[in-house]
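Trainee: below is the structure, and that's it, no one-letter string:
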């Protein structure tokens, strides 16, 4: 098949132009435009002409749809087949022109790229020019008419662009003289490429980004390249990715960290002194620094509240409540008194409690 798209009911003008170009390459246009007549004197030339005519007819039939080829397959000459198709489809130029004008009017960029939008618009303009082209003219007004038609196409191209090209559109319209259609397309395409590069830079993570890990009172910083070399497996947990170490190393299921296990996770603990998570008040470094510097401050969080699951009267780092401490204290006092009473009752000689007295052997300075 010589053309990429077979003949249908709505693409005759495009098909005819493509077919004429293909026949021109094969040097067979004379068989369809009537310039190469069938020889009548030389029998050998007549036989060669008939063979070429059949070849052109075969090309035309192969470039049509199956149903359409049945209506022209019995034509004796390629010229007659060409005229048959022209008479059938060339009479509806007004209808085709209406549809093309309507498509050009409705054509907008939408979700397409600038290149796709321009290609669709340019194809419809070319098809429109093929249906109703201006006759060739060499007068002085021909250049003005051509400039006017070029300006109309440029305006339509700018009007169909998305709102993201509003600034570019204003800059082009403000130019004097207005650039040609091809130059306008080049300016808009360059702006689109620059916007894509800026968007990629904004969303891409820089190579020098660092990952911070806190654990055991120290911080470690790894660059992205070093973190990529870490041997980890990525598994799915809910709507997020969980990175597990290979070989069954330490891993916390609460905070998804690899520097401790779930048993020793302190991510849910909140310090009642500084309000930070990950440690309690007895292990608060800020509190220790304030004590060392002699400037102990009041806790920022109310450690007797019940919002974090701590009962009233119970501090964050102390395991007993105020009532339990008082009960233990009373028991210790009662036990201490009972022990003292038993000790006094078991001693037979009270002098053992008061110590030795002055006896006859003591030196009394006499």
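Mentor: The structure has been received and is ready for your questions. Quick caveat, the model's predicted, so the values are computed rather than measured.
Trainee: from now on I want contacts and neighbour counts done on CA atoms only, so please keep to that.
Mentor: Fine.
Trainee: pull out the buried residues from the helix or strand containing residue 186.
Mentor: Under the criterion of DSSP states H and E, residue 186 resides in helix 181-203. By neighbour count, and taking 16 or more other Cα atoms under 10 Å as the criterion, the buried residues in helix 181-203 are 181, 184, 185, 188, 189, 192.
Trainee: closest to residue 145 out of those?
Mentor: Ranked by distance to residue 145 (Cα to Cα), the buried residues of helix 181-203 are led by residue 181 at 15.0 Å.
Trainee: quick one: pLDDT of the closest one?
Mentor: As predicted, residue 181 sits at a pLDDT of 91.
Trainee: ditto for residue 76
Mentor: As predicted, residue 76 sits at a pLDDT of 88.
Trainee: for the one 5 residues further on, same thing?
Mentor: Model confidence at residue 81, given as pLDDT, is 91.
Trainee: residue contacts, it?
Mentor: Contacts for residue 81 (Cα atoms under 8 Å, 6 or more residues apart in numbering) come out as 57, 72, 75.
Trainee: 10 Å instead?
Mentor: Counting by Cα atoms under 10 Å, 6 or more residues apart in numbering, residue 81 touches 32, 57, 60, 61, 71, 72, 73, 74, 75.
Trainee: of those, which pair is most distant in space?
Mentor: Largest pairwise distance in those, by Cα to Cα, is 17.4 Å, between 32 and 71.
Trainee: compare these two (neighbour count), which wins?
Mentor: residue 32 (20 against 12; other Cα atoms under 10 Å).
Trainee: remind me which residues of the stretch 151-300 of the chain are low pLDDT?
Mentor: Along the stretch 151-300 of the chain, the model assigns pLDDT under 70 to residues 203-249, 294-300.
Trainee: that one: helices as residue ranges?
Mentor: Ranges of helices within the stretch 151-300 of the chain are 166-173, 181-203, 224-229, 285-293, based on DSSP state H, counting those that start in this stretch.
Trainee: off-centre distance for the last one?
Mentor: This points to helix 285-293. Centroid separation for helix 285-293 versus its chain: 47 Å, with Cα atoms, centre = their mean, to the nearest Å.
Trainee: buried residues in it?
Mentor: Neighbour-count burial for helix 285-293 flags residue 287 (criterion: 16+ other Cα under 10 Å).
Trainee: how about the helices in the stretch 1-150 of the chain?
Mentor: Counting by DSSP H, counting those that start in this stretch, the stretch 1-150 of the chain has helices at residues 12-25, 30-33, 43-62, 66-69, 78-89, 93-106, 114-131, 141-159.
Trainee: dump these to JSON lines, plus distance to residue 289.
Mentor: Shown next, in JSON lines, are those (distance: least, Cα to Cα, whole Å):
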{"stretch": "helix 12-25", "distance to residue 289": "85"}
{"stretch": "helix 30-33", "distance to residue 289": "100"}
{"stretch": "helix 43-62", "distance to residue 289": "92"}
{"stretch": "helix 66-69", "distance to residue 289": "92"}
{"stretch": "helix 78-89", "distance to residue 289": "94"}
{"stretch": "helix 93-106", "distance to residue 289": "72"}
{"stretch": "helix 114-131", "distance to residue 289": "63"}
{"stretch": "helix 141-159", "distance to residue 289": "67"}
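Trainee: domain assignment for the chain?
Mentor: Domain assignment for the chain by automatic domain parsing gives 12-92, 107-132+140-196.
Trainee: now those domains as TSV including distance to residue 325?
Mentor: Converted to TSV, the domains of the chain look like this (distance: least, Cα to Cα, whole Å):
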stretch	distance to residue 325
domain 12-92	98
domain 107-132+140-196	68
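Trainee: what distance separates the start and the end of stretch 67-76?
Mentor: End-to-end span of stretch 67-76 (Cα to Cα, to the nearest Å): 19 Å.
Trainee: buried residues of that stretch, list them for me.
Mentor: Neighbour counts using 16+ other Cα under 10 Å place residue 72 of stretch 67-76 among the buried residues.
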